[in-house]
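Visitor: Attaching a predicted model along with its sequence, questions to come.
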Amino acid sequence: MLEGSGILRTKCEAMPLDVIKGKLADYTLDKLFIDMYQTMIAEKGIGLAANQIGHALRIFILKDPRRPQGYMEYINPEVLSQEELVDFENEGCLSIPGTSATTERFKKLKLRWLDRSGTTHEEAFEDLNAFAVQHEMDHIDGKLYIDQLGPVKRSMVLRKHKKFLREQRS
C-alpha cells in the first residue's frame, strides 16, 4: 500500500487472543505472515506492518537473522518504555518508496508482544532495531514517518516520492 491509502492512516485493531491460533476471516494468520515476509523481502525492506498489505491488525514483522524463518513476528505490540531521543538519518518506508528523511526516534525502548501461540514476550531494543520497531509501531497506529516532518520538508519528500513513481512507470 502506498502513501495516501486509507488503511495506512487507520489505527489498527488488536488481534483477539482467541483468534491468534484460529482464522482471520478466511485468511489464516500463517498465510498473513508468509505474505508479509514475501512482500518485505521482495521490496527489500527490514520490516512490514499488516496494514501495508491491507489488513488493519496490530501486527508487524522485522528481519531477524537469528530466527529460522529470517524474521520475527509481533502481535499486539506495546511499548513499555523509551529513552534517549536522537536523530535517525535516512528513515525510509516501503509505502513511500524513493524517499528518506531525518526523523527523531528513541535510541532505546522496551516492547511487549504476543507470538502466534499467544505467548507474551518482552525485549529491549537499541539503535537500528529500536528505530525499526518505532517505525512499525507508527504504521499500526496509522502514522507514517513523514508525519514527523514540517510542512516544507514533508512537501519535498512527497514531491520526490511522486517523481520516483513517475520514473518507475516510464
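Guide: Great, that's in hand.
Visitor: so how far is the helix ranked longest in the chain off the chain centroid?
Guide: Across the chain, the longest stretch assigned as helix under DSSP state H is helix 151-169. From the chain centre to the centre of helix 151-169 is a distance of 20 Å (C-alpha atoms, centre = their mean, to the nearest Å).
Visitor: what's the answer for stretch 78-88, then?
Guide: Worked out by C-alpha atoms, centre = their mean, stretch 78-88 lies 16 Å from the chain centre.
Visitor: same question, stretch 75-84
Guide: Computed by C-alpha atoms, centre = their mean, the separation of stretch 75-84 from the middle of its chain amounts to 14 Å.
Visitor: Low-confidence regions, this structure specifically.
Guide: For the chain, the stretches with pLDDT under 70 are 1-4, 21-27.
Visitor: could you list every residue that touches the residue lying closest to Y145 once chain neighbours are set aside?
Guide: The shortest distance from Y145 to any non-neighbouring residue, by C-beta to C-beta, 6 or more residues apart in numbering, is to E91 (4.9 Å). Glycine gets a C-beta too; all of them are placed from N, C-alpha and C. By C-beta atoms under 8 Å, 6 or more residues apart in numbering, the contact list for E91 reads S100, A101, T102, T103, R105, F131, H135, Y145.
Visitor: A strand includes the fifth one, no?
Guide: Yes. When the secondary structure is assigned by DSSP: H, G, I helix; E, B strand; the rest coil, R105 falls within a strand.
Visitor: For the stretch of helix or strand F125 belongs to, name the packing helices and strands.
Guide: Per DSSP states H and E: F125 is located in strand 120-126. In terms of contacts (3 or more C-beta pairs under 8 Å, 6 or more residues apart in numbering; DSSP states H and E), strand 120-126 is packed against strand 101-114.
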